[in-house]
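**Student:** Need a 3D model of the following:
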Amino acid sequence: MTLGGVVPEISEGAGALAHSVRAYVATKWPLLVADALVAATLRFGQVKSRVAGGSQKMLAQTLCNRERDGIVDRTAYATVPPRGNTA
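**Tutor:** Take a look at the predicted model:
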């Protein structure tokens, strides 16, 4: 993109941030999961019921990736059967 024939420079940090945001928004799953988790802390099954039309595998991968990125927080409880909440 040019502004009056001048190509604006993007700092390395801003470019990395823009790339991260684009990668996050590039698929629909992260946005649907984020929308489901905005209001409350939910268990996996509750998130799955709010994000209709997706597979369990895709939801698990999305939650795992968002936890790795620090976007969602998962609390695991040492119970039988295992239990965890995602916020």
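**Student:** Correct me if wrong: residue 74 contacts residue 67.
**Tutor:** Yes: when contacts are counted by CB atoms under 8 Å, residue 74 is listed as touching residue 67 (5.2 Å). Placement of C-beta: from N, CA and C, glycine included.
**Student:** Other residues contacting stretch 56-66?
**Tutor:** Residues outside stretch 56-66 that contact it (CB atoms under 8 Å, 6 or more residues apart in numbering): 29, 30, 33, 34, 44, 47, 48, 51, 72, 74, 86.
**Student:** let's see 7 Å
**Tutor:** Contacts of stretch 56-66 with the rest of the structure, by CB atoms under 7 Å, 6 or more residues apart in numbering, involve 29, 30, 33, 47, 48, 51, 72, 86.
**Student:** can you pull the buried residues of stretch 45-54?
**Tutor:** For stretch 45-54, burial by neighbour count (16 or more other CB atoms under 10 Å) applies to 47, 48, 51.
**Student:** With adjacent residues omitted, what lies nearest to the second one?
**Tutor:** Spatial nearest neighbour of residue 48, chain neighbours left out: residue 59 (5.6 Å); criterion: CB to CB, 6 or more residues apart in numbering.
**Student:** which phi and psi does that neighbour have?
**Tutor:** Torsion angles at residue 59 (phi, psi; degrees, to the nearest 10) stand at phi -60, psi -40.
**Student:** likewise residue 51?
**Tutor:** Dihedral angles of residue 51 (phi, psi; degrees, to the nearest 10) stand at phi -100, psi 80.
**Student:** quick one: pLDDT of the residue nearest to residue 48?
**Tutor:** Per-residue pLDDT puts residue 59 at 89.
**Student:** if I look at it, how far off is residue 70?
**Tutor:** For residue 59, the distance to residue 70 equals 19 Å [CB to CB, to the nearest Å].
**Student:** go on, residue 39?
**Tutor:** Taking CB to CB, one finds residue 39 at 20 Å from residue 70.
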